[in-house]
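K.L.:
here is the input, now give the coordinates:
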Amino acid sequence: MNVLLTGRQLDRLRELPPDHRLVTVRDGSPILERPDGRLWLVQPNGNLAPAPAVERVRSSRRVGE
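P.N.:
Below you'll find the model as predicted:
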């Protein structure tokens, strides 16, 4: 699936430390996992915000379990 990101989102992703991991994209906003396990949403303006609780539940589920 192709997702269009804003220029500010792309800039934010380029600036992230290498230990941050992109886990998914939801409604056009990337969801990142920090080294401490917290999930953060990259908003269209490039700001980081805590991911909604629903995203946290979905990300902890594993396929085949």
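K.L.:
just want the most central residue of the protein.
P.N.:
Centroid-nearest residue in the chain: residue 31, 1.2 Å away (criterion: CA atoms, centre = their mean).
K.L.:
wait, isn't that one in contact with residue 21?
P.N.:
No - if you go by CB atoms under 8 Å, residue 31 and residue 21 don't touch, sitting 9.8 Å apart. Quick note: C-beta positions are derived from backbone N, CA and C, even for glycine.
K.L.:
how about stretch 33-45: buried residues?
P.N.:
With burial defined by 16 or more other CB atoms under 10 Å, the residues of stretch 33-45 counted as buried are 33, 39, 40, 41, 42, 43.
K.L.:
from residue 2, how far off is the second one?
P.N.:
Residue 39 sits 23 Å away from residue 2, going by CB to CB, to the nearest Å.
K.L.:
same check on the first one?
P.N.:
Taking CB to CB as the criterion, residue 33 is separated from residue 2 by 22 Å.
K.L.:
related to what we said a few turns ago, just the buried residues of stretch 33-45: which are in strands?
P.N.:
33, 39, 40, 41, 42 (DSSP state E).
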